[in-house]
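S.K.: Build me a structure from this.
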Amino acid sequence: MNTQPPARTYNQAHLPRPYRAGKRRLSIYWSWSYPWEAQRSPAEMNNRFSTITEVRNAIYPAYEKPEYEAANFLQGIAGTLELFHRSTLSFQKQAGEATGQPVAVFQRVDQAGFRLPIDERILADTDTLMVFSLDHLASEQKADAAEIAAIREWLKREGTCLLLAPHHDVGFTDDVAQRQMEYRHHGDTLVPRQQRFSTYGRDLLAALGLPVLNQWGLRPAVVKGSRNEPVPVIANRDLDKPGLLKNVTSMNFHQHQPHYALTVPDSKAIHVLARQPVDLERPHPYTAAGNKDFNCLLWAPPAGERAGSIVIADSTHFTTLFGETESLVNFWRNFATM
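M.R.: Next up, the predicted model:
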């Protein structure tokens, strides 16, 4: 019996997946320009990803293995982008097993320079579209009118689900003292004092009439005595009609998670399903204002012409870079089959 993983393919056109009743087809869409992100100068202080060399130094010796040496793995920023891709493989496996369909993965601009906006080529064989908006604001990955129109039309289809995952907004101020406070709060030396994400995700939120803004980069509170086990989320289970939180007590540990602020208080268009307690032992402007937790999982049920649901959650909850718990895997399966 062959126990090796399946052969990997690259640089070929997507083959549409046939519709099978009850077997959802998931697609991941990275809204970045891979070349723009990968070619940022390591001399830049802000608004860039770390190089894999910086990663290896910061969390030594986790990546001191032959497969991450220069002969086998990209050592610049591109290497870090590839870590993100690799970190979703476990989710893809779980989702594929739960649905019986392979998860398709697309990029707005890929390694080879091919640009792929969201249109029928992606949407036609997709039931659940996951938009991982890890595009830096400076890259100006704006959602154009044709993409917005295509997504609106797709959401009229019964049973569709759109995941929007705008990432954090760290150091949005010119006040260097506040930037330093934010940096000390999350404690991740690989994140610059200013790292602002998600033009694309914000554009889609606005275009779809969802009063949500990704703010800050907040460190979850952890169980005392544990290494990085986040404390359970504060769940609004009575609002969880899609069952996303079934057998889920906690989400992923990530040192700088976005708060999904509701810009229209008490909006009926969207429900906060879960809030994550924040680390109160590390000062931050958000907690100084009296806040003790942040919105981490939101759901907008079908409304009006929109027959599909919209879920808002950070992309890090679908990766294994920050751990893989039973609770998190349960969340993946719930989401894949909702």
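
S.K.: This structure: strands as residue ranges?
M.R.: Along the chain, the segments classed as strands by DSSP state E run 26-33, 104-109, 128-133, 161-166, 169-170, 195-196, 212-218, 234-235, 257-262, 271-277, 293-300, 309-312.

S.K.: Point out the one among the ones you listed that comes closest to residue 50.
M.R.: For residue 50, the closest of these is strand 195-196, at 10.1 Å, according to Cβ to Cβ. Heads up, the C-betas are built off the backbone N, CA and C, glycines and all.

S.K.: could you pull out the helices for the stretch 1-150 of the chain?
M.R.: Under the criterion DSSP state H, counting those that start in this stretch, the stretch 1-150 of the chain carries helices at the ranges 34-38, 52-58, 77-87, 89-99, 120-123, 145-154.

S.K.: list the helices and strands the last one packs on?
M.R.: Right, the one you point to is helix 145-154. For helix 145-154, the elements it packs on are helix 120-123, helix 199-207, judged by 3 or more Cβ pairs under 8 Å, 6 or more residues apart in numbering; DSSP states H and E.

S.K.: and the longest one, what does it pack onto?
M.R.: In terms of contacts (3+ Cβ pairs under 8 Å, 6+ apart), helix 199-207 is packed against strand 128-133, helix 145-154, strand 161-166, strand 212-218.

S.K.: Adding mean pLDDT, write the ones you listed out as JSON lines.
M.R.: Converted to JSON lines, those look like this (pLDDT from 0 to 100):
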{"stretch": "strand 128-133", "mean pLDDT": "98"}
{"stretch": "helix 145-154", "mean pLDDT": "98"}
{"stretch": "strand 161-166", "mean pLDDT": "98"}
{"stretch": "strand 212-218", "mean pLDDT": "98"}
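
S.K.: Adding mean neighbour count and distance to residue 184 as columns, could you present those in a markdown table?
M.R.: Formatted as a markdown table, the helices and strands packed on helix 199-207 follow (neighbours: other Cβ atoms under 10 Å; distance: least, Cβ to Cβ, whole Å):
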| stretch | mean neighbour count | distance to residue 184 |
| --- | --- | --- |
| strand 128-133 | 25 | 26 |
| helix 145-154 | 16 | 38 |
| strand 161-166 | 24 | 24 |
| strand 212-218 | 24 | 12 |
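
S.K.: which stretch among the helices of the stretch 1-150 of the chain comes nearest residue 295?
M.R.: Residue 295 lies closest, by Cβ to Cβ, to one member of those: helix 89-99, at 21.7 Å.

S.K.: What are the contacting residues of that closest one?
M.R.: Residues from elsewhere that reach helix 89-99 (Cβ atoms under 8 Å, 6 or more residues apart in numbering): 23-26, 28, 102-103, 105, 318-320, 324, 329, 332-333, 335-337.

S.K.: shouldn't residue 185 be in contact with residue 288?
M.R.: No. At 10.3 Å, residue 185 does not count as touching residue 288 under the criterion of Cβ atoms under 8 Å.

S.K.: Give me the more crowded residue out of these two.
M.R.: Each of residue 185 and residue 288 has its neighbours counted (other Cβ atoms under 10 Å); residue 185 has more, 24 against 9.

S.K.: picking up where we left off before, kindly reformat the helices and strands packed on helix 199-207 as JSON lines containing distance to residue 301.
M.R.: Converted to JSON lines, these look like this (distance: least, Cβ to Cβ, whole Å):
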{"stretch": "strand 128-133", "distance to residue 301": "15"}
{"stretch": "helix 145-154", "distance to residue 301": "16"}
{"stretch": "strand 161-166", "distance to residue 301": "11"}
{"stretch": "strand 212-218", "distance to residue 301": "14"}
